[in-house]
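1. All I have is the shape, not the residue letters:
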DNA sequence: CGTTAAAAGTGAAAAAAATCACAAAAAAGT
DNA sequence: ACTTTTTTGTGATTTTTTTCACTTTTAACG
């Protein structure tokens, strides 16, 4: 298929449109307009249209976008038409919170197994099994998993990352507050709560100092 | 003080430099260079220097930056010299994972209380008390809290946000996968794990389709 | 000391992203 | 059917961010 050059941010926006659209659809909307989407997602209507334009998504002038059709196209672009199996390294607080989280299933994402070094955490009973970390490689290979989540302490993160990559994992969502030494053929996104919280604090302070009218 | 116009991203980078610096300092580094920092954080040395330049941070030509001094300045800019008290709404999986997380304390961030509607979750015994949601407003007011974390289901998020804002909270870190209807004088950052994971999946697929050499 | 080499600092240039603004289409109204 | 109004689609423009490339300073070395 045609390769689309897209920035991380524009893809992130497409996902947001898709999520908003899902909600609109549940509310019975048949047609949606760029300004409605903009507003749901926190942008401008021009940007919505530009994004769509960039990905070759067409609407109807004066008629907006057909919700079903648009959703189909977005899902297509985002690769949401095939279910994705994901593993987690680290069965601590964050790891287990993710395992228990219901939201992924609706999005075609299945967390199929977790792995941990701590023998106390191993458990095959529950809906999602927790295996010893040693078994990660074999599991990933036999089940052809391509996406992994790192939810281990920062000190172990790089090591776990390398195990994942050598197992054949191509995309990683990293919760450890550490920059992973990446290679070009593996995609890494970072979720760093500390950083985000610090950022909020900074802007609250900054707002207080300056914009205090 | 002088008001610095800074983008969210540049502040995020400053935080990263600060975190990297903390690690370097623990390893005994007395002087650091822009390329070392760049590398630790995943950027270019030019960008590090530009960022510092923008905030009036000076180093020594040929001598780099004194680690202590630089850290002091970064902490100063980021407002890390005063401890920040934070509350959490939602004592579910995510909320409790955050409460238990040790990383905040080192950063001068204290989670002082959690709140939940579910009476079963109320508990005053532990290190961090969980109060009924009703009491949030009073608590925030009497303790003069300015930062809140939203870790409630998406359906309740907007409502909780409004309670927070009306209580005097000025900055929010939102974990609900919903765009909060914000006002200009409140800072909101979003952490959306689903979105990030979808993004990883997209780029893995995209890489597979195109760059498959 | 004087020379060399390494690194900061920063305007200028380039690239990337967002916004504007308006023509074209088509739904709705009369 | 014709007119009006609304909304898309997109080239052009503007703004923002990043990178370049060169000057200046100073540590290190002989």
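-> Received the coordinates, thanks. Since the model is a prediction, treat every value here as computed from it, not as a measurement.

2. going forward, measure contacts and count neighbours with C-alpha atoms only.
-> Fine.

3. hmm, who's touching the top strand by length along chain A?
-> Taking DSSP state E as the criterion, chain A has its longest strand at strand A:109-116. For strand A:109-116, the external contacting residues (CA atoms under 8 Å, 6 or more residues apart in numbering or on different chains) are A:83-91, A:95, A:99, A:104, A:122, A:128-133, A:135-136.

4. Strands - which of those land there?
-> The members of the contacts of strand A:109-116 that map onto strands under DSSP E are A:84, A:85, A:86, A:87, A:88, A:89, A:130, A:131, A:132.

5. Is there proximity between the longest helix out of those in chain A and DNA strand C?
-> Secondary structure of chain A per DSSP state H: the longest helix is helix A:8-26. Yes: using CA under 7 Å from any atom of the strand, helix A:8-26 comes into contact with DNA strand C via A:8, A:9, A:10.

6. Against which helices or strands is whichever helix or strand comes after that helix packed?
-> Per DSSP states H and E, the first helix or strand lying C-terminal to helix A:8-26 is strand A:31-32. Judged by 3 or more CA pairs under 8 Å, 6 or more residues apart in numbering or on different chains; DSSP states H and E, strand A:31-32 is in contact with strand A:65-66.

7. Now tell me what touches the strand it packs on from outside.
-> Taking CA under 8 Å, 6+ apart as the rule, strand A:65-66 contacts A:30, A:31, A:32, A:33, A:58, A:59.

8. count of neighbours near the second one?
-> The one in question is residue A:31. By the criterion of other CA atoms under 10 Å in any protein chain shown, residue A:31 has 18 neighbours.

9. Next: the third one.
-> For residue A:32, the neighbour count with other CA under 10 Å is 19.

10. So for chain A, the centremost residue is which one?
-> residue A:173 (7.6 Å; CA atoms, centre = their mean).

11. element containing it?
-> strand A:171-174.

12. anything in that strand near chain B?
-> Yes: against chain B, strand A:171-174 shows contacts by CA under 8 Å from any CA of the partner chain at A:171, A:172, A:173.

13. Adding pLDDT, write the residues you listed out as TSV.
-> TSV is the format used below for the residues of strand A:171-174 next to chain B (pLDDT from 0 to 100):
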residue	pLDDT
A:171	97
A:172	98
A:173	98
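
14. Show me the subset of the ones in strands among the contacts of strand A:109-116 that also lies near chain B.
-> residue A:84.

15. now the contacts of strand A:65-66 as a markdown table including distance to residue B:208 and pLDDT?
-> A markdown table is the format used below for the contacts of strand A:65-66 (distance: CA to CA, whole Å; pLDDT from 0 to 100):
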| residue | distance to residue B:208 | pLDDT |
| --- | --- | --- |
| A:30 | 34 | 96 |
| A:31 | 34 | 96 |
| A:32 | 32 | 98 |
| A:33 | 33 | 98 |
| A:58 | 26 | 97 |
| A:59 | 29 | 97 |
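
16. Of those residues, just say which sits nearest to residue B:70.
-> Taking CA to CA as the measure, residue B:70 lies nearest residue A:33 of the contacts of strand A:65-66, at 49.2 Å.

17. Contact residues of chain A facing DNA strand D?
-> So far as CA under 7 Å from any atom of the strand goes, chain A lies against DNA strand D at A:32-35, A:45-46, A:49-50, A:52-54, A:56-65.

18. Go through the residues you listed and flag which are in helices.
-> Short answer: the residues of chain A next to DNA strand D in helices (DSSP H) are A:34, A:35, A:45, A:46, A:49, A:50, A:52, A:53, A:54.

19. Name the member of those that has the highest neighbour count.
-> Busiest of those [other CA under 10 Å] is residue A:34, holding 21 neighbours.

20. for it, what are its contacts?
-> Residues near residue A:34 by CA under 8 Å, 6+ apart: A:45, A:46, A:48, A:49, A:64.

21. what about 6 Å?
-> Each residue near residue A:34 by CA atoms under 6 Å, 6 or more residues apart in numbering or on different chains is listed here: A:45, A:48.

22. and what of residue A:149?
-> A:88, A:172, A:173, A:174.

23. Sort out which of those residues are buried, if you could.
-> Among the contacts of residue A:149, the ones that count as buried by 16 or more other CA atoms under 10 Å in any protein chain shown are A:88, A:172, A:173, A:174.

24. ok now do the last one, which residues does it touch?
-> Read it as residue A:174. Taking CA under 6 Å, 6+ apart, one finds A:149, A:150, A:190 in contact with residue A:174.

25. can you rerun that using 7 Å?
-> Neighbouring residues of residue A:174 by CA atoms under 7 Å, 6 or more residues apart in numbering or on different chains: A:149, A:150, A:151, A:188, A:189, A:190, A:191.

26. in the sheet, who's paired with it?
-> Per DSSP bridges, the residues bridged to residue A:174 are residue A:150, residue A:190.
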